[in-house]
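A.B. asks: here you go, sequence then predicted model.
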Amino acid sequence: MPYFKTQDGCSLYYELLGEGPGKPTITFVNGTLQTTIYWKAIGKHLTNKFRLLLYDCRGQGESELGELPLTLKCHCCDLLSLLDALEIHQTHLIGISHGARVALSMANEHPTLAARVVLCSLSTQSTFRAKMIVRSWYEILERHSLDAMVWAAVPHVFGRNYLRSNVKVLERIVKTIVRRNKTSSLRAHLKAMQHYPPLANGLKKTPFLVLVLTGEDDPLVTTEGGQEIAKICGGRHEEIKGVGHSIPAESQEQFLEMVRQFLDS
């Protein structure tokens with residue numbers, strides 16, 4: 001399995017898919033609880049036209065947590081170093097939730113690297129409800145178990161339609177998420193997130209094109225917050241009906257069509 005060593009000696013897991021001459025690159029950035037596996041079902045439909053970079057952020061999946069405090073700047077430096085090591089000088093960025101925050105921050109700091117950026121499930125400011133949900137995950141992880149925390153998170157990270165349609169496999173979904181995460185790393189991740197600066201503080205007009213996607217049934221992100229990101233960045237916002245926080249998983253065909261149109265237009 002391919003690993004990249006950061007300057008502080010932390011091993012980050014990554015995969016390159018669909019390699020071929022002349023193909024533009026898409027870099028996918030995971031959300032909380034996710035790993036590279038989250039993007040595999042989406043990626044297989046894009047490898048004919050794109051080279052794909054999938055990686056586990058510091059503390060996710062197969063990547064180490066390392067010794068440095070988890071900050072937004074740390075995640076951006078990791079991604080920048082990985083792109084440099086792989087000699088990727090420009091890439092489309094697709095991030096969801098926490099990954100969207102990292103993707104936008106990295107693109108703003110290094111705009112020549114970003115071709116086009118897709119931000120899923122991101123809002124200008126976390127609502128009080130969203131902050132309490134994330135805090136509750138952290139407290140459950142501290143006082144109980146990773147298994148209990150994931151069960152608590154599932155109703156928030158998936159929409160009602162998806163939950164109803166997958167009720168018979170929810171136990172398997174939870175076990176899979178638990179197996180792919182580590183308690184100590186997730187605890188550090190959730191704790192760090194509570195100290196991130198408000199996204200609205202750093203928003204600005206961008207030289208790259210931005211597509212912001214929000215789900216109608218997302219308790220963690222508001223449509224208004226997604227619209228505001230698009231307006232300030234000079235991008236476009238789309239709300240997906242009947243979908244929650246995990247847009248690519250809940251509405252794969254619609255997500256793929258939107259991404260294809262955005263990258264090809």
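C.D. replies: Ah, there it is.

A.B. asks: in the stretch 101-250 of the chain, which spans are strands?
C.D. replies: For the stretch 101-250 of the chain, the strands defined by DSSP state E, counting those that start in this stretch cover 114-120, 209-215, 236-240.

A.B. asks: quick one: which of those strands is nearest residue 222?
C.D. replies: With CB to CB, the closest approach to residue 222 among the strands of the stretch 101-250 of the chain belongs to strand 209-215: 7.5 Å. Backbone N, C-alpha and C define where each C-beta goes, glycine included.

A.B. asks: give me the sheet partners of that closest one and which way each runs.
C.D. replies: Looking at strand 209-215 with DSSP bridges, its partner strands are strand 114-120 (parallel), strand 236-240 (parallel).

A.B. asks: next, the buried residues of the helix ranked longest in the chain.
C.D. replies: Assignment by DSSP state H gives helix 128-143 as the longest helix of the chain. By neighbour count on 16 or more other CB atoms under 10 Å, the buried set for helix 128-143 is 130, 133, 134, 137, 138, 140, 141.

A.B. asks: same check, this time on stretch 33-48
C.D. replies: Applying 16+ other CB under 10 Å to stretch 33-48 flags 33, 34, 35, 36, 38, 39, 42, 43, 46 as buried.

A.B. asks: C-alpha coordinates for that stretch, PDB please?
C.D. replies: Once non-C-alpha atoms are left out, stretch 33-48 reads as follows in PDB (Å, rounded to 0.1, in the frame of the first residue of the first chain):
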ATOM      1  CA  LEU A  33     -15.600   9.100   9.800                       C
ATOM      2  CA  GLN A  34     -14.700   8.500   6.200                       C
ATOM      3  CA  THR A  35     -11.700   6.800   4.400                       C
ATOM      4  CA  THR A  36     -10.600   6.500   0.800                       C
ATOM      5  CA  ILE A  37     -13.200   3.600   0.400                       C
ATOM      6  CA  TYR A  38     -16.000   6.200   0.600                       C
ATOM      7  CA  TRP A  39     -15.000   7.500  -2.800                       C
ATOM      8  CA  LYS A  40     -14.400   4.200  -4.600                       C
ATOM      9  CA  ALA A  41     -18.000   3.800  -5.900                       C
ATOM     10  CA  ILE A  42     -18.000   7.300  -7.200                       C
ATOM     11  CA  GLY A  43     -14.400   7.100  -8.600                       C
ATOM     12  CA  LYS A  44     -14.900   4.100 -10.800                       C
ATOM     13  CA  HIS A  45     -17.300   6.100 -13.000                       C
ATOM     14  CA  LEU A  46     -14.700   8.900 -13.500                       C
ATOM     15  CA  THR A  47     -11.400   7.000 -14.200                       C
ATOM     16  CA  ASN A  48     -12.100   7.000 -18.000                       C
END
